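J.: here's a sequence, model it:
(chains A, B, C and D)
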2 protein chains.
Amino acid sequence: MNDVASDGILTREKILEAAEEVLRRFGPSKATVVDVARALGVSHGSVYRHFPSKAALRDAVLERWLHRITEPLEEIVRGRQPAPERLRLWLEQLMAVKRRRALNEPELFATYISLAGDAREVTKAHVDALIDQATRIIADGVKSGTIMAKDAGVAARSVFDATARFHNPAHAGEWADPAIDQAFEGVWALLKAALTARSGPKRR
Amino acid sequence: MNDVASDGILTREKILEAAEEVLRRFGPSKATVVDVARALGVSHGSVYRHFPSKAALRDAVLERWLHRITEPLEEIVRGRQPAPERLRLWLEQLMAVKRRRALNEPELFATYISLAGDAREVTKAHVDALIDQATRIIADGVKSGTIMAKDAGVAARSVFDATARFHNPAHAGEWADPAIDQAFEGVWALLKAALTARSGPKRR
DNA sequence: GGACTGACAGGTTTCAATATCTGTCAGTCC
DNA sequence: GGACTGACAGATATTGAAACCTGTCAGTCC
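T.: Here you go, the predicted model:
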């Protein structure tokens, strides 16, 4: 009995693909390594040759999945709009992607949420990548004078934190509320005001 | 067999007290109406004379519990500090209370969190009460010229949303992170800048 | 007569026995 | 000889029967 998937060689990539499909179908609580192996026509022992544990496999799947969020955002980061506008576009796109995934891939989204409790590393790396993107936009704005910020990195993290309700999966349940867009407008108005204010220390 | 608690009359208030104690001890998943009745030395049927359902009882307990959060904050709302300072104090106090409760009353806190999924009414009322407090502070600041905002209510809701990470129970797990205070400082700096900026439309 | 009881139906939770899963490794097979 | 298998121990999940809970109501008891 030897029929490693379609054409014979078991690669890390093939396992990841099958594992993602299994996770998508069964969800984080029901997906097993045995299922993944079965999908590949392989014994589960073989999977352990490529990944040290189920957790490592799951993390790798999610890393890939999260990378597919950050990657398209790069295009916006490198855009030519004025930085404040670009930051807003970036936030909108981020929110849109998260909401789309919460709707269309609920099982993987649930896996992502449950991950926050377990291995925080992958999640943290994802957040860091996003904040890095925001930092680049803001630094760009500072350089061209469209944004005021002492430290682009701190400002980016603060913008990310302040908009948590709109992109953090912990709030996914609230995204159905139609008032959410209005709420974002309110927060964005404050952030924009803060970032584009004519600066200088407060004067009483 | 007739020994209604200590001194004979079963009141709504006594039931609430006992129910809170039971919830505190057993948590939201294990507390039962029978437990509450047992604690009062009463049959569970009697409890249903005062509350139409277990959910209604649980909601009433939480309403009381949440009221004990908003009430002490009133003192700050009515304080004499300049509005921006008062808003900051109010936020700090709010965060402190939430964190203290998450630590000291984990079972009731868990009940509160689980409530977000079920009956949203009580939670919503609590949020509305908090936003009303923030609105009063901001309106006060607008009146005395220390805060710039077109609509105090909108600004208050936005401040509340932007600081969700620091007081929303969905983020309770992150409150242990020592970087959380620094993160709050960053967000507060933006909010303060936005609310105290010398206003006027952006001029390029 | 009105607050309280206790037995009840239908639904949910618990518990322990059974099945499945994870991670390992000696052995098979090209 | 290196990728893969399959049997294994210990841990985790599933299952079905029994126990328990919710919500109701006719009836008891001051």
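
J.: measure residue A:140 to DNA strand D for me?
T.: From residue A:140 across to DNA strand D, the span is 46 Å (C-beta to the nearest atom of the strand, to the nearest Å). Placement of C-beta: from N, CA and C, glycine included.

J.: contact partners for that residue?
T.: A:83, A:86 (C-beta atoms under 8 Å, 6 or more residues apart in numbering or on different chains).

J.: could you look up the SS state of it?
T.: helix (DSSP: H, G, I helix; E, B strand; the rest coil).

J.: okay, it: pLDDT?
T.: The pLDDT attached to residue A:140 in the predicted structure is 98.

J.: which strands and helices lie in contact with the worst-scoring helix or strand of chain A on mean pLDDT?
T.: Lowest on mean pLDDT, DSSP states H and E among the helices and strands of chain A sits helix A:106-117, with a mean of 86. The helices and strands touching helix A:106-117, judged by 3 or more C-beta pairs under 8 Å, 6 or more residues apart in numbering or on different chains; DSSP states H and E, are helix A:12-30, helix A:54-77, helix A:83-104, helix A:121-144.

J.: distance check, the residue sitting nearest the centre point of chain A against residue A:27.
T.: Centroid-nearest residue in chain A: residue A:66, 4.6 Å away (criterion: C-alpha atoms, centre = their mean). The gap separating residue A:66 from residue A:27 is 18 Å, by C-beta to C-beta, to the nearest Å.

J.: hang on, the earlier thing: the least confident helix or strand of chain A close to DNA strand D?
T.: No: counting by C-beta under 7 Å from any atom of the strand, DNA strand D has no neighbours in helix A:106-117; the shortest distance is 11.5 Å.

J.: mind listing what's buried along that helix?
T.: Neighbour counts over helix A:106-117 (16 or more other C-beta atoms under 10 Å in any protein chain shown) mark A:107-113, A:115-116 as buried.

J.: out of those residues, what pair is the most spread apart?
T.: Maximum pairwise distance in the buried residues of helix A:106-117, criterion C-beta to C-beta, is 15.8 Å, between A:107 and A:116.

J.: what about residue A:57, neighbour count?
T.: Residues near residue A:57, counting by other C-beta atoms under 10 Å in any protein chain shown, number 22.

J.: can you name the residues of chain A that neighbour chain B?
T.: Counting by C-beta under 8 Å from any C-beta of the partner chain, the residues of chain A close to chain B are A:116-117, A:154-155, A:157-159, A:161-165, A:168, A:170-171, A:173, A:183, A:186-187, A:189-191, A:193-198, A:202.

J.: please pick the buried ones from the residues you listed.
T.: Buried among those (16+ other C-beta under 10 Å): A:116, A:154-155, A:157-159, A:161-165, A:168, A:170-171, A:183, A:186-187, A:189-191, A:193-197.

J.: ok, stretch A:96-114 near DNA strand C or not?
T.: No: counting by C-beta under 7 Å from any atom of the strand, DNA strand C has no neighbours in stretch A:96-114; the shortest distance is 13.3 Å.

J.: name the residues that touch that stretch?
T.: A:20, A:23-28, A:58, A:61-62, A:65-66, A:69, A:72-73, A:123, A:167, A:169-170, A:172, A:175.

J.: next, format the helices and strands packed on helix A:106-117 as TSV and append distance to residue B:36.
T.: What follows is the helices and strands packed on helix A:106-117, written out as TSV (distance: least, C-beta to C-beta, whole Å):
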stretch	distance to residue B:36
helix A:12-30	32
helix A:54-77	41
helix A:83-104	37
helix A:121-144	39
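
J.: can you tell which of the ones you listed is closest to residue B:39?
T.: Per C-beta to C-beta, nearest to residue B:39 of those: helix A:12-30, 35.1 Å.

J.: CA atoms of the closest one as CSV?
T.: The C-alpha trace of helix A:12-30 is given here as CSV (Å, rounded to 0.1, in the frame of the first residue of the first chain):
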residue,chain,number,x,y,z
ARG,A,12,5.9,19.9,3.6
GLU,A,13,3.8,22.0,1.2
LYS,A,14,1.5,19.2,0.3
ILE,A,15,0.9,18.4,4.0
LEU,A,16,0.1,22.0,4.7
GLU,A,17,-2.4,22.1,1.9
ALA,A,18,-4.1,19.0,3.0
ALA,A,19,-4.0,20.2,6.6
GLU,A,20,-5.6,23.5,5.7
GLU,A,21,-8.4,21.7,3.9
VAL,A,22,-9.0,19.4,6.8
LEU,A,23,-9.1,22.3,9.2
ARG,A,24,-11.4,24.1,7.0
ARG,A,25,-13.8,21.2,6.8
PHE,A,26,-13.7,19.9,10.4
GLY,A,27,-12.7,22.9,12.4
PRO,A,28,-10.0,23.2,15.1
SER,A,29,-11.6,20.9,17.6
LYS,A,30,-12.3,17.9,15.3
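
J.: cool, thanks, talk later.
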